[in-house]
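A.B. asks: Quick one: sequence and predicted model below, then my questions.
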Amino acid sequence: MAVTSSTPETYERLRAAILSGSLEPNERLVEADLVRSLEASRGAVRGAIARLDHEGLVVHERNRGAKVRRVSLEEAVEILEARAALEGIGAREAARRADPDAIARLRAVLARMRTRLADGDLLATSELNGELHARILRIAHHATVERLVESLSSQLVRYQYRTILIPGRAGASLAEHAAILDALEMRDGDAAEAAMRAHLDRVTDALRTAGDGR
């Protein structure tokens, strides 16, 4: 098989496989297998694994090689608590910068969330939730917060859909997001930060309720 994948491409493809769940927590990352499946050189695979180790998606074990890192429920809760602080800052900054067009685009995403929820499509609703959060951070133009949140969120892939499956949680989440957007539209940084923190605090509580789900 010809080697066609460059180092950045190998990293992106391996990262996508982890985030999509194609490679599961605790699954061994065998270099020879990845060289074949990713059509990459051994050096590109090693570089990708090293980068993902730095991001917290992969862990090395002495004399056993690398594997996909499993995030425990306790760590997932800590990650959400950290996200609440960071995204609160992002919401405050977004309140200063959001113009009417940006607010309209955010409300369009929220409207799509309502439609998907009404259709019973909880997975699509959860994906749109992630899109809404990402858009708010882009509006904030706070590169450090955006980078840190992206890194933290990528480690929660195993828990991505768990809280929305709790009865009533999806509807409550819509109301919480609406409160965030209302604060952004009023350009009220204090209210935007408080609403974002309150939303992610409730997500954290829901995750504790949902449990580890092994």
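C.D. replies: Okay, I see it.
A.B. asks: Tell me which other helices or strands the top helix by length along the chain touches.
C.D. replies: Counting residues, the longest helix found in the chain (DSSP state H) is helix 73-97. Counting contacts by 3 or more C-beta pairs under 8 Å, 6 or more residues apart in numbering; DSSP states H and E, helix 73-97 is packed against helix 122-140, helix 143-154, helix 169-185, helix 189-210. In this view, the C-beta of every residue, glycine as well, is placed from N, C-alpha and C.
A.B. asks: out of these, nearest to residue 24?
C.D. replies: Closest approach to residue 24 among the helices and strands packed on helix 73-97 (C-beta to C-beta): helix 143-154, 15.1 Å.
A.B. asks: then stretch 200-214 to CSV, C-alphas only?
C.D. replies: Extracted in CSV, the C-alpha atoms of stretch 200-214 (Å, rounded to 0.1, in the frame of the first residue of the first chain):
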residue,chain,number,x,y,z
LEU,A,200,-22.6,24.3,32.5
ASP,A,201,-23.1,23.8,36.2
ARG,A,202,-26.4,22.1,35.4
VAL,A,203,-24.7,20.0,32.8
THR,A,204,-22.2,18.9,35.4
ASP,A,205,-25.0,18.0,37.8
ALA,A,206,-26.7,16.0,35.0
LEU,A,207,-23.5,14.1,34.3
ARG,A,208,-23.2,13.2,37.9
THR,A,209,-26.8,11.9,37.8
ALA,A,210,-26.2,10.0,34.6
GLY,A,211,-23.1,8.3,36.1
ASP,A,212,-20.3,6.6,34.3
GLY,A,213,-22.4,4.3,32.2
ARG,A,214,-19.8,1.6,31.7
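A.B. asks: how about it: buried residues?
C.D. replies: 200, 202-204, 206-207, 210 (16 or more other C-beta atoms under 10 Å).
A.B. asks: contacting residues for the residue nearest the centre of the chain?
C.D. replies: For the chain, the residue nearest the mean C-alpha position is residue 153 (3.2 Å; C-alpha atoms, centre = their mean). The contact partners of residue 153, taken as C-beta atoms under 8 Å, 6 or more residues apart in numbering, are 83, 130.
A.B. asks: mind giving me the domain split of the protein?
C.D. replies: 7-68, 73-210 (automatic domain parsing).
A.B. asks: quick one on the thing from earlier: of all the helices and strands packed on helix 73-97, which one comes closest to residue 17?
C.D. replies: Nearest of these (C-beta to C-beta): helix 143-154, 12.5 Å.
A.B. asks: Got phi/psi on residue 62?
C.D. replies: phi -60, psi 130 (degrees, to the nearest 10).
A.B. asks: What is the neighbour count of it?
C.D. replies: 5 (other C-beta atoms under 10 Å).
A.B. asks: One more: residue 185?
C.D. replies: The tally of other residues near residue 185 (other C-beta under 10 Å) stands at 17.
A.B. asks: Look up the pLDDT of it for me, please.
C.D. replies: Predicted confidence (pLDDT) for residue 185: 98.
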